[in-house]
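*Asks:* what follows is a predicted structure for the sequence shown.
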Amino acid sequence: MDKKPITCYLVRHGEAENNVLHILNSYPETDTYSLTQKGREQIVRVATHDLAEVEAEAIISSPIRRTRETAEIIAREKGLSIEFDERLRETDFGMFNNGPIEDLLAKYPSSVGRVRTDGSDGVEDFESMRIRLKSLLHDIAEKYSGKTVIIVSHGDPLEQLHGLLLGENVAESASGWYPKKGSCTKVVWKGAFSRS
């Protein structure tokens with residue numbers, strides 16, 4: 001990539017109703033879950049403290065309700081419009097979607113086990129997720145070279161996106177940094193993609 005570095009603020013949505021209920025909720029949503037009061041307070045803090053001095057060009061968000069609500073809180077504070085992009089959606093949880101998170105964890109106790117799945121349960125593996133995230137980053141590089149963007153998404157996609165931005169491979173990303181709900185992490189992307 002022959003572009004200037006892009007400053008990315010990776011924001012994980014605030015606490016949502018499905019988090020409290022321990023329910024998995026991926027795209028497309030058959031049930032929708034809003035942010036809790038605690039989740040809204042977490043994101044107000046992100047918008048008014050973590051991002052207070054940030055001059056961003058855009059907010060790019062997953063379209064799922066909890067991320068949409070998160071992006072809207074930030075957008076109101078920053079005076080920015082939101083670009084919703086399905087490539088930032090939650091992991092496809094396949095047969096585990098809308099069920100208890102404990103069922104997924106029984107099969108995949110470690111996120112490293114989801115680097116490459118056998119596909120029998122419909123769970124999106126992280127290698128497949130990276131294809132859509134790399135596509136998104138190519139578009140961001142074309143549009144926002146040398147600029148600052150706020151990216152609102154979910155834990156697993158942000159974990160892999162963070163790894164892509166830092167040049168980690170998929171397994172390194174799956175066993176390293178992981179965002180807390182209602183958190184904001186700054187990464188300066190210099191344009192190098194990971195080895196895999």
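*Replies:* Right, received. Where do you want to start? Computed from a predicted structure; not experimentally measured.
*Asks:* need the helices for this structure, in chain order.
*Replies:* Per DSSP state H, the chain carries helices over the ranges 17-21, 37-45, 65-78, 101-107, 126-143, 155-166, 170-174.
*Asks:* out of those, flag the one nearest Glu86.
*Replies:* In terms of Cβ to Cβ, the element of those nearest to Glu86 is helix 126-143, at 8.0 Å. C-betas here are computed from N, CA, C, even on glycine.
*Asks:* as JSON lines, the helices of the chain with mean pLDDT and distance to Thr91 would be great.
*Replies:* As requested, the helices of the chain are arranged in JSON lines below (pLDDT from 0 to 100; distance: least, Cβ to Cβ, whole Å):
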{"stretch": "helix 17-21", "mean pLDDT": "97", "distance to Thr91": "13"}
{"stretch": "helix 37-45", "mean pLDDT": "98", "distance to Thr91": "19"}
{"stretch": "helix 65-78", "mean pLDDT": "97", "distance to Thr91": "13"}
{"stretch": "helix 101-107", "mean pLDDT": "96", "distance to Thr91": "9"}
{"stretch": "helix 126-143", "mean pLDDT": "96", "distance to Thr91": "7"}
{"stretch": "helix 155-166", "mean pLDDT": "96", "distance to Thr91": "4"}
{"stretch": "helix 170-174", "mean pLDDT": "94", "distance to Thr91": "12"}
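*Asks:* in CSV, list these along with mean neighbour count and distance to Cys184.
*Replies:* As requested, the helices of the chain are exported to CSV (neighbours: other Cβ atoms under 10 Å; distance: least, Cβ to Cβ, whole Å):
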stretch, mean neighbour count, distance to Cys184
helix 17-21, 17, 17
helix 37-45, 19, 9
helix 65-78, 21, 9
helix 101-107, 14, 24
helix 126-143, 17, 17
helix 155-166, 23, 11
helix 170-174, 20, 18
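*Asks:* dump those to a markdown table, plus distance to Gly191.
*Replies:* Shown next, in a markdown table, are the helices of the chain (distance: least, Cβ to Cβ, whole Å):
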| stretch | distance to Gly191 |
| --- | --- |
| helix 17-21 | 34 |
| helix 37-45 | 29 |
| helix 65-78 | 25 |
| helix 101-107 | 34 |
| helix 126-143 | 7 |
| helix 155-166 | 9 |
| helix 170-174 | 17 |
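*Asks:* which one of the ones you listed lies closest to Trp189?
*Replies:* The nearest among the helices of the chain, by Cβ to Cβ, is helix 155-166 at 4.5 Å.
*Asks:* contacts for the closest one?
*Replies:* With Cβ atoms under 8 Å, 6 or more residues apart in numbering as the test, helix 155-166 has contacts from 8, 10, 12, 62, 88-91, 111, 114, 126, 129-130, 133-134, 137, 151, 153, 168-170, 172-174, 176-179, 181, 185, 187, 189, 193-194.
*Asks:* again with stretch 41-52
*Replies:* For stretch 41-52, the external contacting residues (Cβ under 8 Å, 6+ apart) are 9, 11, 13-15, 35, 69-70, 73-74, 76-78, 150, 181-184.
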